[in-house]
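[1] A predicted structure for the sequence below; I have some questions about it.
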Amino acid sequence: MKGGHRYRVERNLGNIVVHVILGAIGVICLLPLLLIISASFSKETEIARYGYTFFPRTFTTYAYGYILQNPTQILRGYGVTTFVTVVGTLVGLLMMSLLAYVLSRPDFALRKHLSFYVFFTMLFNGGLVPWYIWMTKGLHLKETVWSLIWPYLIVPWYVLLLRTYFSGLSQDLLDAARIDGAGEWRLFFQIVVPLSTPSLATVGLFLILKYWNDWYLAMLFVQENAKLQPLQYMLYRILTNVQAIARAPGSTSMPPILTVRMAMSVLATGPAALVFLLVQRYFVRGITIGALKY
Amino acid sequence: MQELAQMDPIRAQVRGRRWRVSARPVTRSRAWRLVRRNMPLALMALPAVVWLFINNYVPMAGLVVAFKNYRPPAGIWGSPWIGLQNFRYLFATQDGWRILRNSLLNNGLFIVTDTVVAVAVAILLYRVYQHYLTRFYQSAMFFPYFVSWVIVQAFVFALLDPDRGLVNQWLAGLGVEKVYWYSQARDWRAILTLVELWKGLGFWSIVYLAGLMAISPEIYEAAEVDGASAWQQTWRITLPLLAPLITINVLLLIGRILYSDFGLFYIVPRDQGLLYPVTDVIDTYVFRALRTTGKLGMASAAGFYQAVVGLALVLVANMVVRRLDPEKALF
C-alpha cells in the first residue's frame, strides 16, 4: 500500500505522541493473545489457584503434550475445516467470478435486472426460521458436510468487489480478443481470469477466512455427528463443555481442563491467524476498494 | 468500423453496440439475435442465479410462518393461519421489547464508538505512515479481525472469569471485591462495545485510511504554507473532506441496525441467561427459539419485522445517501 503523503516525517513531539498512542493500542490488541498463550504453557494447579497471568509462573508444555497424545480430535477438526474451506472457496470463487463478470459487462441485456436480483438479497431475507426449516426439511442438509459449504458460496459483497474490478478491465483488450474470434467462455477463462489474479486472490482470501473461522453453520446443522465438527466449533464445544475434551489414552482422571482449553485455542487459532497476517495486504486491498466504492 | 464490417459482417459487434452491416436481408427476428448473443453470458451467471434462488429467494416465501401456528409435522403450508397473533404474543412479553431495545441501543452504540475511534486512529496512522513501525501498529490492530468469535470468548473469559480472570485479580490488588461479571448485566453494554471495537478497529481504520489517502496532499501543503498547525489541518481539512465517507458508512450501518453480529452477542457472553437484559438481541432470540425454547411463532414474528423494518431502514438510508452523493448510493 502506498504510504501517506507526508513525505517528510518530522521528529517532533506531536509525532512521538502519535507513536505512543498507536503503540499502546497495538499492544492492547495483542494482550489477550498473550494471556492465552501464557496460560497454555502453565501448570494447571497454578492457573486454578492464581488465575490467568501474562507470563507463566512455571513454564510447562504439559497441556500440549496431553492433546498430542490423543490428537484425533484436533486433527479431525482441521480435516473437516480444510475440506470445507478448499471446496467452498474454489466453487464459490468460480460461481461468484462468473456472476461478477456477467454483471460487469455493459452489453449484457439483462444487466440491470440481474444486478437487482443479486443485490436485493443484501437488503432483504426471509429470516433464520424459514431458512433453517428449508435447509433441514426441504434440502435435507442436516448433519452433512454440505451444510457447512453451501451457505457461503455466494456472498453479495464479494460479488460487488469482483464486479468493480472486472469493470475496470480494458475494454479494448476484450474487443480485440472478440474480433479474433474468442467466444464468451474462452474470453473469460483465457483472458479475463489471468488478468484478474490479484482481485481473485483477494476475494479468495476473504472467502477462505469466512469458511475457516466459521462455527455458526455447525452450530445450526451439525449437532450429533462429532466427526463432522469444524475446527472453531470443536473449540467452542471444548471451551463451554467440560465433557467435550478428548481424553488422553489410558488416563482415567479428568484432563487439566483450563490449560488444555488454552492450548487447544492456540493450536486451533494460532497457525491460521499467522498466515492471515502474512497475507494481510490482500485484505487491506479488498477493504480499500470496497470502502472507496461506497 | 466500415472496413471491419465488410470483413466480417456478423462479428462486427464492437463495444456492445449491435453494429450490423450486412448486404443480406434480415432473416431472423431481432429477438432471436438478442437471445443468441446474450446466451453464453446468461449461462455463465446461471449457477449463481440458481443458487441465489434456492438459498435466498425460496426462504422468503417462508416469511408467512410469522402468521401461522407452525406445527413441524404439518410443515409450513399445512400449519394453520393465526394472523397477527404471534406479533401480539411477542410484544405482550418483556422479551419482544427487550430484544428490540437491545438491538437498537447496542448497535447504535457500536456505530458511534467504532466510527469515532476508527477515524481518529486512521488520522494518526496517516500522519506517521512513512515510519517503519506503523506497519506493526497496523498488523497488531488487524490481528483481532482474523480470529473467530470463539477464541474471542476465550480471551474475554481469561479477563472476566470471576475466580481467575485478570480483571478481578487487579481489583483484588486494589482491595476491591471481586465482581461476578457473567452474572450481572449492567456492565455488559460497555463490555460488548469494547470487544466489538477491539475486533473491528483494524477493519474500520483501513476504510477511513483509504478515504484519507484519497485526499490530495496539495491541500495540506497549501495549508502548511499558510501556517496552519496540525490541529487546524485536521479540523479544517481532514474532517470536512472525510465527512462524506463517514456519513455514508454511518447511514448504511444504520440501515442494518436491526441485524446484530451473532458471534458477539451469543458467543462472548457465553449464553448466560442473567445477561440477557443487555445481550439478548433479535438474532440471538430467534436462534434460541430455534434451538432451545421452541417458541417458533414469536421468533418468526421477530424475524419478519427485522426483515421488513430492516428493508425500510436501508431504503431510507440509501435515499439519503443518494441525495448527498449519487455515486455512492447502493442503488
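    That came in fine, so what should we check first?
[2] give me the number of residues near the nearest residue to residue B:163 once chain neighbours are set aside?
    Nearest residue to residue B:163, sequence neighbours excluded (Cβ to Cβ, 6 or more residues apart in numbering or on different chains): residue A:51, at 7.0 Å. For the C-beta atoms, the positions are set from N, CA and C on the backbone; glycine is no exception. Residues near residue A:51, counting by other Cβ atoms under 10 Å in any protein chain shown, number 19.
[3] residues contacting residue B:283?
    Residues in contact with residue B:283, defined by Cβ atoms under 8 Å, 6 or more residues apart in numbering or on different chains, are A:128, B:103, B:259, B:260, B:262, B:265, B:266, B:306.
[4] that older thread, what's the spacing between the residue nearest to residue B:163 and residue A:93?
    Residue A:51 is 45 Å from residue A:93, where distance means Cβ to Cβ, to the nearest Å.
[5] Equivalent analysis for residue A:255, please.
    40 Å.
[6] Same question for residue B:107.
    In terms of Cβ to Cβ, residue B:107 sits 31 Å off from residue A:93.
[7] Ok, residue B:138 next?
    Per Cβ to Cβ, residue B:138 is found 27 Å from residue A:93.
[8] again, but for residue B:213
    28 Å.
[9] Please name the nearest non-neighbouring residue to residue B:196.
    residue B:110 (5.1 Å).
[10] so what's the one you found up against?
    B:193, B:196, B:197, B:200.
[11] Wait, a helix at the second one?
    Yes: the secondary structure assignment for residue B:196 places it in a helix, going by DSSP: H, G, I helix; E, B strand; the rest coil.
[12] contacting residues around stretch B:224-236?
    Residues contacting stretch B:224-236 (Cβ under 8 Å, 6+ apart): A:14, B:123, B:127, B:220, B:223, B:237.
[13] contacting residues around the closest residue to residue A:256 other than its chain neighbours?
    Counting by Cβ to Cβ, 6+ apart, residue A:256 lies nearest to residue A:44, which is 3.6 Å off, once chain neighbours are set aside. Residues counted as contacts of residue A:44 (Cβ under 8 Å, 6+ apart) are A:62, A:63, A:256, A:257, A:258, A:259.
[14] For these, work out which two are farthest apart.
    Longest distance between any two of those is 12.5 Å, between A:62 and A:257; criterion Cβ to Cβ.
[15] and which of the contacts of residue B:283 is nearest residue B:167?
    residue B:265 (20.6 Å).
[16] ok so, going back, nearest to residue A:110 among the contacts of residue B:283?
    Nearest member of the contacts of residue B:283 to residue A:110, counting by Cβ to Cβ, is residue B:259, at 29.3 Å.
[17] Please report how far the closest one lies from residue A:177.
    Residue B:259 is 43 Å from residue A:177, by Cβ to Cβ.
[18] Let me know how buried residue A:128 is, in neighbour terms.
    22.
[19] how close does the nearest residue to it once chain neighbours are set aside get to residue B:53?
    The shortest distance from residue A:128 to any non-neighbouring residue, by Cβ to Cβ, 6+ apart, is to residue B:286 (5.0 Å). When distance is defined by Cβ to Cβ, residue B:286 is 23 Å away from residue B:53.
[20] residues of stretch B:197-214 that come out buried?
    B:197-213 (16 or more other Cβ atoms under 10 Å in any protein chain shown).
[21] How much space separates the residue nearest to residue A:256 from chain B?
    Residue A:44 sits 11 Å away from chain B, going by Cβ to the nearest Cβ, to the nearest Å.
[22] swap in residue A:243?
    Distance from residue A:243 to chain B, by Cβ to the nearest Cβ: 16 Å.
[23] quick one: contacts for that residue?
    So residue A:243 contacts nothing (Cβ under 8 Å, 6+ apart).
[24] tell me, how many neighbours does the residue in the stretch 51-200 of chain B positioned nearest to chain A end up with?
    Residue of the stretch 51-200 of chain B nearest chain A, by Cβ to the nearest Cβ: residue B:62 (2.3 Å). Residue B:62: 24 surrounding residues under other Cβ under 10 Å.
[25] give me the element the residue nearest to it when sequence neighbours are not counted is part of.
    Counting by Cβ to Cβ, 6+ apart, residue B:62 lies nearest to residue A:130, which is 2.3 Å off, once chain neighbours are set aside. Assigned by DSSP states H and E, residue A:130 belongs to helix A:128-133.
[26] Noted, bye for now.
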